[in-house]
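[1] Mind folding the following:
(chains A, B and C)
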Amino acid sequence: MTEPTFAGRVSRWYEQHARDLPWRRPEADPWAILVSEVMLQQTPVARVVPAWQAWLERWPTPAALAGSSPAEAIRMWGRLGYPRRAVRLHECAVAIVERHGGAVPDRLEQLLALPGVGTYTARAVAAFAYGQRHPVVDTNVRRVVCRAVAGEPDAGPTTRPADLVATEELLPAEPAAAALASAAFMELGAVVCTARAPRCGVCPVESTCAWRASGRPAPAGPTRRPQRYAGTDRQVRGLLLGVLREASGPVPHQRLDQVWADDVQRARALAGLVDDGLVEPIGATSFRLVGDGPAVPVTG
DNA sequence: AATACGTGGGA
DNA sequence: TTCCCAAGTAT
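    Got it, this is the predicted structure:
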């Protein structure tokens, strides 16, 4: 017997302790997995679970979603946040029907070409839906590898090519085992090797962790804090979209004017929503969610 | 590379 | 109450 590898230890731990998330069950198909990955972009698991179930009940296939309007997707998205993801997912469904016969593609290159699918999501689908051997690197994996291997307290803010290489070197050769290891790395970062208060006492690789060995040094100096949410264009966009989401069809601009007093900022936020494909002007005085009603509004 | 992009819950 | 953030992507 040889020493268990890093991936082997984490995978063993995963098999015993993984959360029972619905998109990890055998009946989850590639479309269900793609939907989960997009919803999980910057949104916590607990809020995604019910939204994911409702979404797939309504749109079990890409073709089903492609047959609905972007407006319906935006409404079904609810308050998961970053609603542009709902529009991108709708565009994904259309592209999958048009370019791939309605089946989620299994090649990395084709996945990356889909709207809203980037480095992480493309690899996650290739690995978790199709069992391919690709490093799947999200913020959790970067933190785990950074600590356990490099001994540093935190990874950089974005995934770099070097992160993919470092993770790839940890993966087992067999594709199915590699996919399992990737899921295990993510789970470890999500529930044990957390950003704020890591639970090293229950970690399966505590004995070989470089960060632990060096006394768990704290991150370097203060990082620049981004602007507050209150008062930003983001908040105004959220307020505007809230009104449009609750409405049915076009909303007169007078009603939108009431959500925010600053004319300049409100107009800028609304223009941003239009640019992002979430909202469209109807005539000269109204706005609606994209596709929320007849393509050509009837005028008298 | 830095920034924009939502939301709600926990510490 | 304030702060931090949670399976990223696009520009």
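[2] switch to C-alpha atoms for all contacts and neighbour counts from now on
    OK.
[3] Look up how far DNA strand C lies from the most centrally placed residue in chain A.
    In chain A, the centroid-proximal residue (C-alpha atoms, centre = their mean) is residue A:41; its distance is 1.8 Å. Residue A:41 sits at a distance of 4 Å from DNA strand C (criterion: C-alpha to the nearest atom of the strand, to the nearest Å).
[4] Residue A:287: what secondary structure?
    Residue A:287 falls in the strand class when you classify it by DSSP: H, G, I helix; E, B strand; the rest coil.
[5] State the pLDDT value of residue A:58.
    Residue A:58 is assigned 98 on the pLDDT scale.
[6] any idea how far it is from residue A:73?
    For residue A:58, the distance to residue A:73 (C-alpha to C-alpha, to the nearest Å) stands at 10 Å.
[7] ok, the two, which is more surrounded?
    Each of residue A:58 and residue A:73 has its neighbours counted (other C-alpha atoms under 10 Å); residue A:73 has more, 23 against 11.
[8] for the record, mean pLDDT for the one helix or strand that one maps to?
    Counting by DSSP states H and E, the element that carries residue A:73 is helix A:70-77. If you average the pLDDT over helix A:70-77, you get 98.
[9] So which elements touch that helix?
    On a contact count with 3 or more C-alpha pairs under 8 Å, 6 or more residues apart in numbering; DSSP states H and E, helix A:70-77 meets helix A:45-58, helix A:84-100, strand A:286-289.
[10] what sits up against it?
    Outside helix A:70-77, the residues within contact range by C-alpha atoms under 8 Å, 6 or more residues apart in numbering are A:51, A:55, A:65, A:83, A:86-87, A:90, A:245, A:278, A:289-292.
[11] before we move on, the earlier item: make CSV from the helices and strands packed on helix A:70-77 and add distance to residue A:207 to it.
    Converted to CSV, the helices and strands packed on helix A:70-77 look like this (distance: least, C-alpha to C-alpha, whole Å):
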stretch, distance to residue A:207
helix A:45-58, 29
helix A:84-100, 40
strand A:286-289, 54
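[12] and chain A, what are its domains?
    Taking automatic domain parsing as the reference, chain A has its domains at A:30-128, A:233-289.
[13] so of those, which one's packed in deepest?
    Most buried of those, by mean neighbour count (mean count of other C-alpha atoms under 10 Å): domain A:30-128, with a mean of 19.
[14] And it, how far out from the chain middle?
    Averaging C-alpha coordinates over domain A:30-128 and over its chain gives two centres that are 9 Å apart (C-alpha atoms, centre = their mean, to the nearest Å).
[15] tell me how far the ends of it are from each other?
    One end of domain A:30-128 to the other measures 8 Å (C-alpha to C-alpha).
[16] Is that domain in proximity to DNA strand B?
    Yes: counting by C-alpha under 7 Å from any atom of the strand, DNA strand B is contacted by domain A:30-128 at A:42-43, A:79-84.
[17] now, among the contacts of helix A:70-77, which is nearest to DNA strand C?
    residue A:83 (10.0 Å; C-alpha to the nearest atom of the strand).
[18] show me the contacts for that closest one.
    Counting by C-alpha under 8 Å, 6+ apart, residue A:83 makes contact with A:74, A:77, A:278.
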